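Asks: Sequence and predicted structure, then a few things I'm wondering about:
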Amino acid sequence: QVQLVESGGGLVQAGGSLRLSCAVSGRIFSINAMGWYRQAPGKQRELVARISSGGSTNYLDSVKGRFTISRDNAKNTVYLQMNSLKPEDTGVYFCNVQVNVLVAWGTYEDTYWGQGTQVTVSS
């Protein structure tokens, strides 16, 4: 019903920048919250940043002032601009969206995950 395609990961030196994108497509009536999670090797997945449908944002304390989440509602896309990257930011980054899915009888809300994109920050 709904597909997510992530892009923008890669290898960067400490202090560098990357921009992640997550495009949502399919039977979308509307999109509620959109967010980015990350998972480092041997650690639990953690919320990095989240943006509501109204544009309110919240961030993991360790990325505040360095990362910026934004969304383009016309393109059904969420972005994560990551600046001043540190080795501890290394991990697989997953897009997460709450979608009101359009079906024949109406809509229902469901949560979807992207396939993940690797971010590696070298020291």
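Replies: Arrived safely, thanks for sending. Source: prediction; values computed, not measured. Residues are numbered from 1 along each chain as shown.

Asks: what about this structure, any weak spots by pLDDT?
Replies: The chain contains no residues with pLDDT under 70.

Asks: Using the three-state scheme, assign Val119.
Replies: Under DSSP: H, G, I helix; E, B strand; the rest coil, the three-state class of Val119 is strand.

Asks: count of neighbours near it?
Replies: 22 (other CB atoms under 10 Å). Yep, even glycine has a C-beta here, placed from its N, CA and C like the rest.

Asks: burial count for Gly91?
Replies: 21.

Asks: List the residues that contact it.
Replies: Gly91 makes contacts with 38-41, 43, 118-119, as judged by CB atoms under 8 Å, 6 or more residues apart in numbering.

Asks: try Ser53
Replies: 30-33.

Asks: what does Asp61 give?
Replies: So Asp61 contacts nothing (CB under 8 Å, 6+ apart).

Asks: Can you report phi and psi for it?
Replies: Backbone torsions for Asp61, taken as degrees, to the nearest 10, come to phi -50, psi -40.

Asks: Could you export the contacts of Gly91 as TSV, including secondary structure?
Replies: Conversion of the contacts of Gly91 to TSV gives the following (three-state DSSP):
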residue	secondary structure
Arg38	strand
Gln39	strand
Ala40	coil
Pro41	coil
Lys43	coil
Gln118	strand
Val119	strand
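
Asks: so where do the strands sit in this protein?
Replies: 2-7, 10-13, 18-26, 28-39, 46-51, 57-59, 67-72, 77-82, 91-103, 106-113, 117-122 (DSSP state E).

Asks: for the ones you listed, which one ends up most surrounded?
Replies: Of all the strands of the chain, strand 77-82 has the most neighbours on average by mean count of other CB atoms under 10 Å, namely a mean of 23.

Asks: Residues contacting it, please?
Replies: 17-24, 34-36, 48-49, 51, 63, 66-72, 89, 93, 95, 97, 119.

Asks: how far away is Leu85 from Val119?
Replies: To Val119, Leu85 is 8 Å away according to CB to CB, to the nearest Å.

Asks: wait, I meant Ala49
Replies: For Ala49, the distance to Val119 (CB to CB) stands at 13 Å.
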